[in-house]
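Q: Below: sequence and its predicted model.
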Amino acid sequence: MSTALDKIIEYKKEEVATLKASRSFESLHSEALHQTPPRGFAKRMQTIANQDQNALICEIKRKSPSAGKINSLSDPTAAAKAYEHGGAACISVLTDMPSFGGSLDDMVAVRNAVTLPVLRKDFMIDVIQILEARAHGADAILLIMSVLDDNQAAEMHSFADQLGMAVLLESHNEEELDRALSLPSPLIGVNNRDLKRMVTDLETTVRLSSRIPSEKLLISESGIKASEDIAMLRKVGARGFLIGESLMKSGNIANDVRELHTTS
Ligand SMILES: O=C(O)c1ccccc1NCC(=O)[C@H](O)[C@H](O)COP(=O)(O)O
């Protein structure tokens with residue numbers, strides 16, 4: 001049976017084909033090189049984590065396969081500014097439209113509204129998507145190990161490096177994590193959401209945490225709702241946290257971000 005992730009990857013292949021048919025690699029590359037320089041995503045995450053504080057990547061997310069409608073958000077910049085006010089380290093913007101209701105326009109608007117580094121959150125399967133991300137100003141991308149083989153992951157990582165972008169490597173199990181750890185990025189995401197079964201369990205971070213060497217930054221992703229979750233995840237070494245749904249549903253985003261950022 002095909003999963004939500006399988007379906008997303010199927011239409012990503014079509015999106016990539018459409019992009020390649022409509023834009024030449026050279027013209028996108030030239031746009032990418034003329035963008036404002038990338039903001040230091042990895043450096044900001046590491047600086048905050050090295051101070052033993054919580055480096056929050058706060059996400060703009062309208063809907064999802066697991067939750068359905070989350071927040072109708074006519075203007076994502078208001079939430080982004082609240083994230084910045086509350087002390088977020090960086091911002092993630094979902095740019096996938098069919099499943100998450102996001103867009104590259106959202107990402108551009110958010111990046112123009114804040115001074116924080118911005119991650120293009122999408123399902124990357126081809127280097128041209130990385131070029132497209134940088135041409136729209138993205139400072140970082142996500143690579144999901146379960147949808148890439150080792151060669152693809154290495155090639156895409158190296159391409160992002162050349163463009164000066166940070167790479168967040170996402171794993172959900174031991175095998176994916178070991179593959180992620182063999183790549184240079186210091187940003188190691190452990191996704192608590194099983195993207196195949198759509199079940200979220202913070203114990204995933206706990207289970208995988210002991211494999212992560214101290215020079216890498218453990219970023220726990222998905223299903224984080226409260227200070228107690230952060231306090232528990234800090235005990236196993238997480239200093240980075242990627243949070244979407246619970247903040248998008250908050251009545252006071254800046255206050256909630258501040259509380260999560262200062263939890264010890
Ligand atoms: O969120 C989903 O339902 C989902 C489904 C299929 C693929 C990816 C999905 N989420 C992407 C994410 O990784 C999350 O948006 C991110 O980690 C934040 O999670 P949360 O705080 O639980 O919104």
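A: Received the coordinates, thanks.

Q: and the stretch 151-264 of the chain, which residues reach the ligand?
A: Residues of the stretch 151-264 of the chain lying close to the ligand by CB under 6 Å from any ligand atom are Asn191, Arg193, Leu195, Glu221, Ser222, Gly223, Ile224, Leu242, Ile243, Gly244, Glu245, Ser246. Where you see a C-beta, it was placed from the backbone N, CA and C, and this is true even at glycine.

Q: how about these, which pair is most distant?
A: Pairwise distances across these peak at 18.3 Å for Leu195 and Ser246 (criterion: CB to CB).

Q: So those two - more neighbours on which side?
A: Leu195 (21 against 16; other CB atoms under 10 Å).

Q: got a list of what that one touches?
A: Thr3, Ala4, Leu5, Ile144, Ser146, His172 (CB atoms under 8 Å, 6 or more residues apart in numbering).

Q: Give me the subset of these lying in strands.
A: Ile144 (DSSP state E).

Q: Closest to Val108 out of the contacts of Leu195?
A: Ile144 (22.8 Å).

Q: Tell me the secondary structure at the nearest residue to the closest one once chain neighbours are set aside.
A: The shortest distance from Ile144 to any non-neighbouring residue, by CB to CB, 6 or more residues apart in numbering, is to Glu170 (4.8 Å). Secondary structure for Glu170, judged by DSSP: H, G, I helix; E, B strand; the rest coil, is strand.

Q: in the sheet, who's paired with Glu170?
A: Beta-bridge pairing of Glu170 under DSSP bridges involves Ile144, Gly189.

Q: quick one: it and Ile141 touch, right?
A: No: using CB atoms under 8 Å, Glu170 is not in contact with Ile141; the gap is 10.7 Å.

Q: Redo the residues of the stretch 151-264 of the chain next to the ligand as JSON lines? Include pLDDT and secondary structure.
A: Below are these laid out as JSON lines (pLDDT from 0 to 100; DSSP: H, G, I helix; E, B strand; the rest coil):
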{"residue": "Asn191", "pLDDT": "98", "secondary structure": "strand"}
{"residue": "Arg193", "pLDDT": "96", "secondary structure": "strand"}
{"residue": "Leu195", "pLDDT": "82", "secondary structure": "coil"}
{"residue": "Glu221", "pLDDT": "98", "secondary structure": "strand"}
{"residue": "Ser222", "pLDDT": "98", "secondary structure": "coil"}
{"residue": "Gly223", "pLDDT": "98", "secondary structure": "coil"}
{"residue": "Ile224", "pLDDT": "98", "secondary structure": "coil"}
{"residue": "Leu242", "pLDDT": "98", "secondary structure": "strand"}
{"residue": "Ile243", "pLDDT": "98", "secondary structure": "strand"}
{"residue": "Gly244", "pLDDT": "98", "secondary structure": "coil"}
{"residue": "Glu245", "pLDDT": "98", "secondary structure": "helix"}
{"residue": "Ser246", "pLDDT": "98", "secondary structure": "helix"}
